[in-house]
Each structure stands twice: as C-alpha cells, then as structure tokens.
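S.K.: predicted model follows, preceded by the sequence.
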Amino acid sequence: MADMTDAVEIKKELSKIGDQVKEHGEKALAEAQKGIKMAEGVKQTVDELLTKQAELQASLTELEQKAARRGGDDAPHLKSMGFQVIENETFKKAVESGEVRRKGGRHSIEVKAITSAAGSAGAGVVPDYRPGVLNLPDRRLTIRDLVSPGRTNSNLVNYLKETGFTNAAAPVAEGARKPESDIDYTLTPAAVKKLAHFIKASSEIQDDFPALQSQIDARLMYGLKLVEENQLLKGSGAGNNLNGIYTQATAYAAPIVVATPTIIDTLRLMLLQAELAEFPSDGIVLHPSDWALIELLKDTTGRYLIGNPQGTLSPTLWGRSVVATQAMTQDTALVGAFKMGAQIFDREDANIVIATENEDDFVNNLVTILIEERLALAVYRPEAFVKNTNLDGSV
C-alpha cells in the first residue's frame, strides 16, 4: 500500500512540474517571436525542472515494475484471507462503530477461500516457471562426418565405378611389344533423394513464443538429420531411399585364420579384408553396446585393455576412429575407407519453410512448418567397405 501511495504523490508532482515547464515554454516562445532571448536564470530553472521530472519518472517506473512483479495490488489471488478482511470497507465501518466488539455481534465478510479449486485463491503461491524446454535426448550424429562432402546441381549423379582390372604390366625386352592391361568401368547412377517432414502449430505460437518456435525448428532439424544418418548407413536403395554404405558393403570373409578370435580380432581381420582391396580403412562403425564391451575387456591382472577409464582421448582402435551410433544394429560392424570410398552430394541444404497455404490452416489459425533437404550418396567401391553381422568371431 505504501508503494501505491508513493506512486500517487509522484504522479501529482510530475503533473505540477509539467505545468511549470509548459508555462515557461509558452513564455519563452512568445518572447522568442519578439526577438527576446531566454534569460539565463529562466533557462537554469527549466533545466532543473526537467532534471527533477526525469528523476521522478524513473522512480515512478520502478514502483510500477515492483507492483507488476507482485501481480498488482488488485490481484485477488495474491491477497491472504486476513488481508482481505482488514481491507474490507464494511468491516472497517464495523470497527469504527464498535459493532464487532459488542457481545453476540456477528459480521460476515465474503473472501476468496485459499484452496486448490478453480476460481479460488489457490494461486496465492505463484508457480515457479523454469525457463526453456526440456528436450528428449538427442542421438549423436556422426556418419556424415566420416564421408567426403560434395555438391551437385542436378537430380542425378553419374559416376564411373571400376568393376575390373587386369594388370598385365611386366618386364619387356627392347623392341618387343608391350603388354596390354584392361580396366573395366560401369557408369553408375546415384539419384538425388528428398528427405522431409512437417508439423502443424498455432499461429499464436509464432507471435507469442518465439523461443518455442526456435525449439520447434531445432527439433525438426534433428528429426531430419536422424533419418539422414540411418539412410546414409543403411538405406535400402529401393524407391525413395538412398543406397546406404552398409547396404552396399562387402560381406566379411576372414582373409586369414585366427583361433578363437575375440571381437577385437574380428575387427582387425575386417580391416585387413578392406586393405587387401587396396582401400585402407579410416573408420569403424559399431553399436554403442559393442563398443562398451570392447572398452570393458581386461587382462589377467584386471587392467583395461583399451585406454584408461579416466582418459579423454577420442575412441580409436588399431589407429582408426571408432564411431559408436545407434544407427548400427548391435552385434554388427562396418569398417572401410569412408573418405575415399564414398561421397555425399548435397543438392539442397536443409531448410525450413513456414506457410499457411491451404484453407484449413488459414481459417484455423494454423501454420505448417516444413523442413526438407535433397542429397545423393555415391559409393565408389563397395570392396572398400566390409560389414559383419556376427561380431562373436564367426564368419
């Protein structure tokens, strides 16, 4: 109540100063029209009035902000029962007349009960709203980072894939005919595919909750990239699907025999198989559970074989980067020369469009938020990638 009283007094003072400034201003304007300059004393007085006016206005703003943060004195849900009683005008008159002190006297005052029922003063304790939105957990996306990037302006990427090489190089006697080698190529198409999805949202969200709009945009982008990760790795190649790297990879066939191979042994043999195809591998893709099994392997003294649990080094195995992603099925693995053996061609980068182009959206105050991208994937040599569906060591 004290704040409200102060605010009223400040407003009165501001009105008084405003009248004085207006009076001096009108007088100065009239004298200026007659060619008379404003006296220094008058100018100083006006300056002082303006300074005081600014100070009072700042004080008034501060009081109003305090009242707003408290919900205002007129907010009934912030007033306790006791406060409502002593503030009641009928009760005040009863006190002044001594009616409430008379024996047998009764005075009924209607107040809002503090309960949890709708319409009561249950909001007397203001909820503590936490900022931001609690997201569902995001999966770490990594496959695109392994593959060479590229761009295209077409809807189809054709590339020559080597399908055979007969090497006839040999020592040649002077004057003798040189041997002829043979390289076979196949023109291979990689069609540009579109990945997209959309959601509906109220138009008010766009105006009233810009932070929530950004949140929606971000979730749409994540959803698109999640599907992209799965497509790059395991797209079937049928219909509108990309032909994924794992789909085209060569099946694992142990190039040498190792007795009772462990998971680590099997991965090393997979790397060897790719190397024998003349494409040294630069990456290993595993399910997080399989990588955890490898990290938990210990020697006979109980020491971990792979790194230190307190270490911060990036996951590596046999000098190759290890990518642990849930896009890979548990107990399977993929190794290969990702940079040399495959390439992504982006036709249209991911972009978000917000529109109300149909009648239903317009009349229902809805907006359609759409995100899409177009890309192609070229796997230049399937032999550069080796896949295994059984990491326990069997072929």
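M.R.: Cool, got the structure. Numbers count the residues shown, from 1 in each chain.

S.K.: hey, let's count contacts and neighbours off CA atoms from now on
M.R.: OK.

S.K.: near residue 252, how many other residues are there?
M.R.: 24 (other C-alpha atoms under 10 Å).

S.K.: same check on residue 225?
M.R.: For residue 225, using other C-alpha under 10 Å, the count is 20.

S.K.: quick one: buried residues of the host helix or strand of it?
M.R.: Using DSSP states H and E, residue 225 falls within helix 210-234. For helix 210-234, a neighbour-count test (16 or more other C-alpha atoms under 10 Å) marks 213, 217, 220-221, 224-226, 228-234 as buried.

S.K.: stretch 172-188 too?
M.R.: Residues of stretch 172-188 classed as buried: none (neighbour count, 16+ other C-alpha under 10 Å).

S.K.: can you tell me what sits against it?
M.R.: Outside stretch 172-188, the residues that touch it by C-alpha atoms under 8 Å, 6 or more residues apart in numbering are 158-170.

S.K.: alpha carbons of it, as CSV, please.
M.R.: This file holds the C-alpha atoms of stretch 172-188, laid out as CSV (Å, rounded to 0.1, in the frame of the first residue of the first chain):
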residue,chain,number,x,y,z
VAL,A,172,59.7,-56.0,-71.7
ALA,A,173,62.6,-56.7,-73.9
GLU,A,174,63.9,-53.9,-76.2
GLY,A,175,61.9,-53.7,-79.4
ALA,A,176,59.3,-56.2,-78.0
ARG,A,177,55.6,-55.5,-77.9
LYS,A,178,54.3,-54.1,-74.6
PRO,A,179,51.6,-56.0,-72.8
GLU,A,180,48.1,-54.5,-72.7
SER,A,181,46.2,-54.2,-69.4
ASP,A,182,42.5,-53.8,-69.1
ILE,A,183,40.3,-51.7,-66.8
ASP,A,184,36.5,-52.1,-66.8
TYR,A,185,34.2,-49.3,-65.7
THR,A,186,30.5,-49.1,-65.2
LEU,A,187,28.5,-45.9,-65.3
THR,A,188,26.7,-45.9,-62.0
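
S.K.: all numbers from here: first residue = 45
M.R.: Understood, numbering begins at 45; the last thing we discussed is stretch 216-232.

S.K.: and the protein, what are its domain boundaries?
M.R.: 46-118, 122-168, 187-432 (automatic domain parsing).

S.K.: mean pLDDT for the ones you listed - can I get that in a markdown table?
M.R.: A markdown table is the format used below for those (pLDDT from 0 to 100):
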| stretch | mean pLDDT |
| --- | --- |
| domain 46-118 | 68 |
| domain 122-168 | 54 |
| domain 187-432 | 87 |
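
S.K.: kind regards, and thank you for your time.
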